[in-house]
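Q: I'd like to go over a predicted model; first the sequence, then the structure.
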Amino acid sequence: MLKMSKKKGIKEELTEKEKSIEVDAAGNTDNEAQNTSEQLAGEGGEMTEQKTAPEPEKKELTPEEKIAELNEKYLRLYSEYDNFRKRSYKERAELIKTAGEAIINSMLPVLDDLERALASLKGQEHNPAFEGINLIYLKFKNILTQKGIEEIKTTGEDFNTDFHEAVTTIPAENEEQKGKVVDVTEKGYLLNGKVIRFAKVIVAGDPA
């Protein structure tokens, strides 16, 4: 009987110790699980906060500000259109002025030939040939003048690269003549103020 009581007491004591160990293990496990959950929750919360950070809201314009903005857009658009209209008008006007430039330029050699023919008949003003050529020349030149053709001034004028093309230079007779046009080999012409053919000239250089 004594042996059985001792065995029973030892068995009960072991059972109590096992329960105690199980309780401690369960408690530690629960604590670790809780800590892990809290940690994950904390990290998840931070991630959620980072992902769902609210964007700054745009300031809503007042009616006065909206009107000012629309007015500015209208003025900018009107200014661009006005510039386009002026540019188009200017280009059209220039095109009209110089529309026949190629045709008129191709007629200038004919004018040169008529002038050479008259020069060859110099002193024969009463010759019917001279009178006929001169009549054609004057009529042709008058038509070109009406179309905006103007002869470039040459002899006695200062040499100007905007209108003249120097063929050669000769010694000037004096200092005053230096840099001036002394002769012309081919006349130059303007069409409504624009050079369509430069005058080929001879320029006086340094005095001999």
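A: Structure's in. What do you need?

Q: how far out from the middle of the chain is the strand or helix carrying Lys200?
A: Per DSSP states H and E: Lys200 is located in strand 199-204. Offset of strand 199-204 from its chain centre (CA atoms, centre = their mean, to the nearest Å): 40 Å.

Q: Which strands and helices lie in contact with that strand?
A: Contacts defined by 3 or more CB pairs under 8 Å, 6 or more residues apart in numbering; DSSP states H and E place strand 199-204 against strand 164-170, strand 181-186. In short, each C-beta sits where N, CA and C put it, glycine included.

Q: Pop the domain breakdown of the chain in here.
A: For the chain, automatic domain parsing gives the domain ranges 77-147, 150-208.

Q: ok, back up a step: what's the angle between the strand holding Lys200 and strand 164-170?
A: 30 degrees (axes from the mean of the first three to the mean of the last three CA atoms, to 10 degrees).

Q: so which of the domains of the chain gets nearest Ile67?
A: domain 77-147 (15.7 Å; CB to CB).

Q: hang on, the earlier thing: which one of the domains of the chain is the most hemmed in?
A: domain 150-208 (a mean of 15; mean count of other CB atoms under 10 Å).

Q: And the closest residue to Gly100 other than its chain neighbours, how far from Pro171?
A: Residue nearest to Gly100 in three dimensions, not counting chain neighbours: Lys147, with 6.5 Å by CB to CB, 6 or more residues apart in numbering. From Lys147 across to Pro171, the span is 40 Å (CB to CB, to the nearest Å).

Q: Next: Glu165.
A: Taking CB to CB, one finds Glu165 at 20 Å from Pro171.

Q: Residue ranges in the protein under the pLDDT threshold?
A: 1-58, 97-98, 208 (pLDDT under 70).

Q: where do the strands sit along the protein?
A: 149-151, 164-170, 181-186, 189-191, 194-197, 199-204 (DSSP state E).

Q: Now render those strands as JSON lines, adding distance to Asn142.
A: Output for those, formatted as JSON lines (distance: least, CB to CB, whole Å):
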{"stretch": "strand 149-151", "distance to Asn142": "10"}
{"stretch": "strand 164-170", "distance to Asn142": "25"}
{"stretch": "strand 181-186", "distance to Asn142": "21"}
{"stretch": "strand 189-191", "distance to Asn142": "14"}
{"stretch": "strand 194-197", "distance to Asn142": "18"}
{"stretch": "strand 199-204", "distance to Asn142": "21"}
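
Q: between these, which one is nearest to Lys122?
A: strand 181-186 (16.8 Å).

Q: ok now do Thr168, which residues does it touch?
A: Applying CB atoms under 8 Å, 6 or more residues apart in numbering, we find Thr168 in contact with 202-203.

Q: what about it, distance to Glu176?
A: Distance from Thr168 to Glu176, by CB to CB: 20 Å.

Q: OK, contacts around the residue nearest to Gly100?
A: Per CB under 8 Å, 6+ apart, neighbours of Lys147: 100, 104, 191.

Q: Can you tell me how far Ala117 is from Gly188?
A: On the measure of CB to CB, Ala117 and Gly188 end up 20 Å apart.

Q: go on, Ala99?
A: In terms of CB to CB, Ala99 sits 21 Å off from Gly188.

Q: What of Asn105?
A: The value you get for Asn105 to Gly188, if CB to CB is used, is 11 Å.
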